[in-house]
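Q: task: produce atomic coordinates for the following.
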Amino acid sequence: MTFAELHRLYHLPLFELLKKARAVHEENWPEGKVQLCTLLSIKTGGCSEDCGYCAQSARYTTGVQAERLMEKEDVMERARAAKNNGSTRFCMGAAWKGVRSGTAKFDQVLDIVRDVSTLGMEVCVTLGELGSEEARQLKEAGVTAYNHNIDTSPDHYPSVVTTHTFDDRLSTIRHAQDAGMSVCCGGILGLGENVEDRLKMLEVLSNFNPPPESVPINTLVPISGTPLAGSNQVDTFELVRVIAITRIAIPGAKVRLSAGRNQMSRETQALCYFAGANSIFYGEKLLTTSNPQSTQDLALLRELGLTAQEPDPSLEAPSRMPERACYPACTPATQAEAAACS
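A: Residues are numbered from 1 along each chain as shown. Next comes the predicted model:
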């Protein structure tokens with residue numbers, strides 16, 4: 001969708017916007033099911049990047065201590081517990097700038113992925129920047145989806161991160177898609193952006209080719225010691241509008257209600273489900289922040305008449321669409337990459 005189309009939708013009366021989003025949701029996701037995902041930090045802290053929202057950056061004093069990559073059996077224990085608790089996707093995150101083929105840490109991750117993939121859940125990883133070879137090896141090891149958020153608009157991105165560029169994010173996403181992995185890609189609300197930035201972010205996401213398989217919508221959890229520690233909480237209706245527009249703009253994607261859910265009321269979450277959210281991170285903790293108890297989540301889903309979605313470990317990446325530019329907001333350097341997938 002274009003920025004103009006998204007802008008028009010965003011400024012509709014709320015109930016009219018929700019009506020449109022609900023119609024799109026029921027056309028594409030009529031079963032009333034919600035994907036339950038568990039997120040585990042397999043390597044915490046000590047990251048060299050300067051993302052202004054992140055407690056794991058080595059540049060900030062946040063109380064998060066740098067840890068080594070978890071041992072495979074420890075990860076497997078957590079993965080089995082997640083499956084037994086009802087999760088259908090197991091996501092593993094490592095606080096790195098990126099990974100490189102042939103290194104000990106990347107070989108260890110591949111070994112972990114191979115074993116986790118035998119459990120019958122979808123396997124998602126987020127490891128920072130990827131090249132084409134690293135993406136190919138992850139796909140072969142059993143990764144079904146790669147998470148790499150674009151966070152915000154291309155214009156606002158340099159205000160949040162300076163150690164890599166927006167185009168660097170797009171390059172990793174392109175490599176993951178070329179390797180045949182689904183892409184889990186969304187953003188964070190509350191980074192000091194305005195409404196236009198949020199819509200420009202959605203413009204980029206909605207024009208990915210192929211489209212993202214899932215779109216996490218996070219609300220910032222301000223972390224003491226980070227540059228964004230003093231940020232204000234995102235307004236409920238602003239969040240609901242973004243969820244609704246995401247559902248309309250990317251109808252076939254799972255829209256994941258992600259970080260910040262612990263600060264949301266049951267009523268706010270119910271509105272988000274109605275607007276088109278059909279995936280959540282499930283469990284007591286995300287990478288470094290708290291999350292609602294599983295029992296609370298299941299109770300709310302039951303009350304709303306929603307059920308858990310089944311896993312699809314053979315998940316295929318969405319197909320590319322013909323004659324469509326990948327990233328409308330790219331710089332000329334990235335447009336050269338984008339031309340290959342139109």
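Q: pull the CA atoms of the helix or strand hosting residue 256 into CSV?
A: Assigned by DSSP states H and E, residue 256 belongs to strand 254-257. C-alpha atoms of strand 254-257 as CSV (Å, rounded to 0.1, in the frame of the first residue of the first chain):
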residue,chain,number,x,y,z
LYS,A,254,0.1,-13.1,11.2
VAL,A,255,0.0,-9.8,13.2
ARG,A,256,1.9,-10.5,16.5
LEU,A,257,1.1,-8.5,19.6
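Q: contacts for the next helix-or-strand element following that strand next, please.
A: Note on strand 254-257: by DSSP H and E, the next helix or strand toward the C-terminus is helix 266-275. Here helix 266-275 makes contact (C-beta atoms under 8 Å, 6 or more residues apart in numbering) with 18, 21-22, 25, 34, 236, 239-240, 243-244, 247, 257, 261, 264, 300, 304, 306. Where you see a C-beta, it was placed from the backbone N, CA and C, and this is true even at glycine.
Q: of the residues you listed, grab the buried ones for ChimeraX.
A: In ChimeraX, this line selects whichever of the contacts of helix 266-275 come out buried by 16 or more other C-beta atoms under 10 Å:
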select :18,21,22,25,34,239,240,243,244,247,257,261,264,300,306
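Q: the contacts of helix 266-275 in helices, which ones?
A: Among the contacts of helix 266-275, the ones falling in helices (DSSP state H) are 18, 21, 22, 25, 236, 239, 240, 243, 244, 247, 300, 304.
Q: between those residues, which is closest to residue 195?
A: For the ones in helices among the contacts of helix 266-275, the closest approach to residue 195 (C-beta to C-beta) belongs to residue 239, at 12.2 Å.
Q: give the contact list for that closest one.
A: Listed by C-beta under 8 Å, 6+ apart, the contact partners of residue 239 are 189, 217, 219, 268, 272.
Q: check residue 47 too.
A: Here residue 47 is in contact with 54, 56, 57, 58, 95, 96, 97 (C-beta under 8 Å, 6+ apart).
Q: kindly report the same for residue 131.
A: 100, 101, 175.
Q: pull out the buried residues from those residues.
A: For the contacts of residue 131, buried by 16+ other C-beta under 10 Å: 101, 175.
Q: okay, the contacts of residue 131 in JSON lines with distance to residue 40 and secondary structure next?
A: Shown next, in JSON lines, are the contacts of residue 131 (distance: C-beta to C-beta, whole Å; DSSP: H, G, I helix; E, B strand; the rest coil):
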{"residue": "100", "distance to residue 40": "22", "secondary structure": "coil"}
{"residue": "101", "distance to residue 40": "23", "secondary structure": "coil"}
{"residue": "175", "distance to residue 40": "23", "secondary structure": "helix"}
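Q: related to what we said a few turns ago, let me have the ones in helices among the contacts of helix 266-275 in JSON lines, extended by distance to residue 118 and pLDDT.
A: What follows is these, written out as JSON lines (distance: C-beta to C-beta, whole Å; pLDDT from 0 to 100):
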{"residue": "18", "distance to residue 118": "41", "pLDDT": "98"}
{"residue": "21", "distance to residue 118": "38", "pLDDT": "98"}
{"residue": "22", "distance to residue 118": "38", "pLDDT": "97"}
{"residue": "25", "distance to residue 118": "33", "pLDDT": "97"}
{"residue": "236", "distance to residue 118": "41", "pLDDT": "96"}
{"residue": "239", "distance to residue 118": "37", "pLDDT": "97"}
{"residue": "240", "distance to residue 118": "39", "pLDDT": "98"}
{"residue": "243", "distance to residue 118": "34", "pLDDT": "98"}
{"residue": "244", "distance to residue 118": "38", "pLDDT": "98"}
{"residue": "247", "distance to residue 118": "33", "pLDDT": "98"}
{"residue": "300", "distance to residue 118": "32", "pLDDT": "94"}
{"residue": "304", "distance to residue 118": "33", "pLDDT": "96"}
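Q: so which of those is the closest to residue 206?
A: residue 247 (10.9 Å).
Q: pLDDT value on the closest residue to the closest one other than its chain neighbours, please?
A: Using C-beta to C-beta, 6 or more residues apart in numbering and skipping the chain neighbours, the partner closest in space to residue 247 is residue 276 (2.7 Å). For residue 276, the model assigns a pLDDT of 97.
Q: contacting residues around residue 276?
A: Contacts for residue 276 (C-beta under 8 Å, 6+ apart) come out as 21, 22, 24, 25, 243, 244, 246, 247, 248, 255.
Q: return the closest of those with respect to residue 154.
A: residue 246 (17.6 Å).
Q: show me the contacts for that closest one.
A: Residue 246 makes contacts with 186, 202, 205, 215, 217, 253, 255, 276, as judged by C-beta under 8 Å, 6+ apart.
Q: in a markdown table: those, plus distance to residue 77.
A: What follows is the contacts of residue 246, written out as a markdown table (distance: C-beta to C-beta, whole Å):
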| residue | distance to residue 77 |
| --- | --- |
| 186 | 29 |
| 202 | 38 |
| 205 | 35 |
| 215 | 30 |
| 217 | 30 |
| 253 | 31 |
| 255 | 30 |
| 276 | 34 |
